[in-house]
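[1] let me see the structure of the following:
(one chain, ligands or ions: 4)
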Amino acid sequence: MCQVYVTIYPCGHEERKYSFCRAAKTGKGGERCPCTAASEYRRTATAGCYLGGCDYLNAGRGNWTCCKCENPNSGIPRCDHLVPCPDIFNVTRERYEPQEKMMNCGHDCCQNCQKERKSPPTETRRCDY
Ligand SMILES: [Zn+2]
Ligand SMILES: [Zn+2]
Ligand SMILES: [Zn+2]
Ligand SMILES: [Zn+2]
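    Numbering: from 1, shown residues only. Ligands and ions are numbered 1, 2, ... in the order given. You can find the predicted model right below:
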């Protein structure tokens, strides 16, 4: 059966790695999905984040506003607000479903996201002109 390795980083980001068995399914986009008997192994990482420089961690894990869906988030590094699925998701289903489907935004806190710094860096005043 499939194995899912979940690494949880200090910032709260989760990284998933898979080891697939023969029963694993392949999605329409070619992505693989673990079978229903998949077992999950969780471990906690003490440092770092797979994003390289995690902006959520850099900003002190404060509240932030998603630059994609413009919803506020707090306490999580990845936006979990529900947003309408892009049309492409609706038409590739077995039959076309005209009503709007919702999905998680899933945007990782990035440099463009508005962040509310918990401990704002002391501003160094400088004269630009
Ligand atoms: Zn499996
Ligand atoms: Zn992170
Ligand atoms: Zn979002
Ligand atoms: Zn962003």
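[2] does stretch 31-41 come close to ligand 1?
    Yes: Stretch 31-41 is in contact with ligand 1 by Cβ under 5 Å from the ion, via Cys35. (Glycine included, C-beta is placed from N, CA and C.)
[3] list the buried residues for that stretch?
    Pro34, Ala38 (16 or more other Cβ atoms under 10 Å).
[4] and for stretch 18-28?
    Phe20.
[5] that stretch - what's its average pLDDT?
    Mean pLDDT, stretch 18-28: 88.
[6] then stretch 109-119?
    For stretch 109-119, the mean confidence score works out to 82.
[7] can you pull out the low-pLDDT segments for the chain?
    Counting by pLDDT under 70, the chain contains low-confidence ranges at 86-100, 117-129.
[8] domain parsing for the chain?
    Domain ranges of the chain: 1-48, 51-118, per automatic domain parsing.
[9] show me the one of those domains that comes nearest ligand 3.
    Ligand 3 lies closest to domain 51-118 among the domains of the chain, at 3.0 Å (Cβ to the ion).
[10] report whether that closest one contacts ligand 4.
    Yes: using Cβ under 5 Å from the ion, domain 51-118 reaches ligand 4 at Cys67, Cys110, Asn112, Cys113.
[11] tell me which parts of the chain are close to ligand 2?
    Residues of the chain that fall close to ligand 2, judged by Cβ under 5 Å from the ion: Cys11, His13, Cys49, Cys54, Pro77.
[12] quick check, nearest of the residues you listed to Ala37?
    Nearest to Ala37, judged by Cβ to Cβ, of the residues of the chain next to ligand 2 is His13 at 26.5 Å.
[13] that older thread, could you single out the most deeply buried of the domains of the chain?
    Mean neighbour count (mean count of other Cβ atoms under 10 Å) peaks for domain 51-118 among the domains of the chain, with a mean of 14.
[14] residues of the protein that sit close to ligand 3?
    Cys66, Lys68, Cys69, Cys79, Cys105, His107.
[15] rewinding a little: mind picking the two most distant members of the residues of domain 51-118 next to ligand 4?
    Cys67 and Cys110, at 6.6 Å, using Cβ to Cβ across those.
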